[in-house]
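Colleague: Just to be clear, the model below is a prediction. Sequence and coordinates:
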Amino acid sequence: MHSCLVLITGGARGGKSSFAQTQAWALGQDRVSLIATAQPLDEEMRSRIAKHQSERPATWQTLEEPLEVAQALRRAQNQVVVLDCLTLWVSNLLLAGRGVASEVEHLLAVYTETGKALLVVTNEVGWGIVPENPLARRYRDLLGAANRRIAEQADTVYLLVAGIPLRIKP
């Protein structure tokens, strides 16, 4: 297994997580770590988290980490790691008052240092209308910049449209 960075983007509920899991399985089979950034703050999120948990192999290591993603990557026991998802991580960082750009740079540095295969799931949120409120606009802009930075470094980028993966890089 060699180091590679894969970005998987697309719209909400478009099959990105399932696709990432399939790709990770092909690379690491039972030897995959998953960094989950979602927080079970309400019943709907608890239900979504439970659905995701039921869809992945029980043998995979799961690291629940809403903020310290780079450290979770370093702690991951396996050489194949899925980050699900960058979208919620950026939201968590923004709401915690932390610098998104510096955290993304730290994640990329740890990725390079560890030599692991990293599959990053994210949403493409910039194709809709401009949000009305300043916080939503700031979030959209920060996520767009984070997506762009990861895509710059990525070996492979997939865009999922209606569950269909389109390889857009290389």
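Modeller: Nice, I can see it.

Colleague: now the residue located most distally from the centre of the chain: how far from Y139?
Modeller: Most distant from the centre of the chain: E132, at 25.9 Å, with distances by Cα atoms, centre = their mean. Here E132 is placed at a distance of 13 Å from Y139 (Cβ to Cβ, to the nearest Å). C-beta: built from backbone N, CA, C; applies to glycine.

Colleague: circling back: ok, now which ones touch the residue farthest from the centre of the chain?
Modeller: Residues in contact with E132 (Cβ atoms under 8 Å, 6 or more residues apart in numbering): none are found.

Colleague: Doesn't it belong to a helix?
Modeller: No: with DSSP: H, G, I helix; E, B strand; the rest coil as the criterion, E132 is located in coil rather than a helix.

Colleague: Is A20 in a helix, a strand, or coil?
Modeller: Of the three states, A20 takes helix under three-state DSSP.

Colleague: need the contact list for it.
Modeller: Taking Cβ under 8 Å, 6+ apart as the criterion, A20 is in contact with 6, 8, 82, 84, 119, 121.

Colleague: How about residues contacting stretch 143-155?
Modeller: Stretch 143-155 has contacts (Cβ under 8 Å, 6+ apart) with 4-7, 9, 86-87, 90-91, 100-101, 104-105, 108, 120, 122-126, 157, 169-170.

Colleague: which ones among the residues you listed are found in strands?
Modeller: Among these, the residues falling in strands (DSSP state E) are 4-7, 9, 120, 157, 169.

Colleague: So which of the residues you listed wins on neighbours?
Modeller: Within these, V120 tops the neighbour count with 29 neighbours, counted by other Cβ atoms under 10 Å.

Colleague: Who does it form a beta bridge with?
Modeller: With DSSP bridges as the criterion, V120 is bridged to L7, L83.
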